[in-house]
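Engineer: 3D, please:
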Amino acid sequence: MNSNRRTVADSATRISQIMNPEHANLLGNVHGGVILKLCDECGGITAARHARRLAVTVAVDSMAFHEPVRVGQLLRLRGRITYIGRSSMEVEVIVEAEDLLTGGITHTNSAYYIFVALDDNGLPTEVPRLELTNEQERRRFDEGRERQRQRLERAGRQKEEAQ
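Structural biologist: Here you go, the predicted model:
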């Protein structure tokens, strides 16, 4: 285990990609699956940067599509750690579409991705603690802890129902 502490800024990730016709449906809107894949990549990079280990997606929580993304727009994704468990990391991914001709920016999507760091044998391993540097980060961490509590509660109910 790496006992170092890392800040949110240490692993924050930004990626951008132009949306081309192969990313879209017949209406010219980018497929939700393309956006989900890019969010997963951005979140995975963020988690790996924090853990300095490979990280795998274990859940996607609260993906919301606010506005369509169109062909020709620049999709901008920002990932940041919001909550850390023992081996798990919650990453908030915020997606914006930029119109390159007008400069207009639209918030299109938000999601929480949950990743688990893996050791050299492919087993979950402890991740560095998160050093919270301001009140906003502390608030996001507390909100993430509550989301994690709710996720675990739902998983427990689903397990009971399956038995």
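
Engineer: ranges for the strands of this protein?
Structural biologist: Secondary structure of the chain (DSSP state E): strands at 5-7, 13-18, 55-65, 74-84, 88-98, 105-117, 129-131.

Engineer: just checking, what packs against the fourth one?
Structural biologist: This points to strand 74-84. Using 3 or more CB pairs under 8 Å, 6 or more residues apart in numbering; DSSP states H and E, the elements in contact with strand 74-84 are helix 8-11, strand 13-18, helix 32-51, strand 88-98, strand 105-117, strand 129-131, helix 135-162. For glycine as for every other residue, the C-beta is placed from the backbone atoms N, C-alpha and C.

Engineer: 10 Å instead, please
Structural biologist: Contact here means 3 or more CB pairs under 10 Å, 6 or more residues apart in numbering; DSSP states H and E; on that basis strand 74-84 packs against strand 5-7, helix 8-11, strand 13-18, helix 32-51, strand 88-98, strand 105-117, strand 129-131, helix 135-162.

Engineer: of the ones you listed, which is nearest Leu77?
Structural biologist: For the helices and strands packed on strand 74-84, proximity to Leu77 was assessed by CB to CB; helix 32-51 is nearest, at 4.2 Å.

Engineer: can you flag the weakest of the strands of the chain by average pLDDT?
Structural biologist: Lowest mean pLDDT within these: strand 55-65, a mean of 91.
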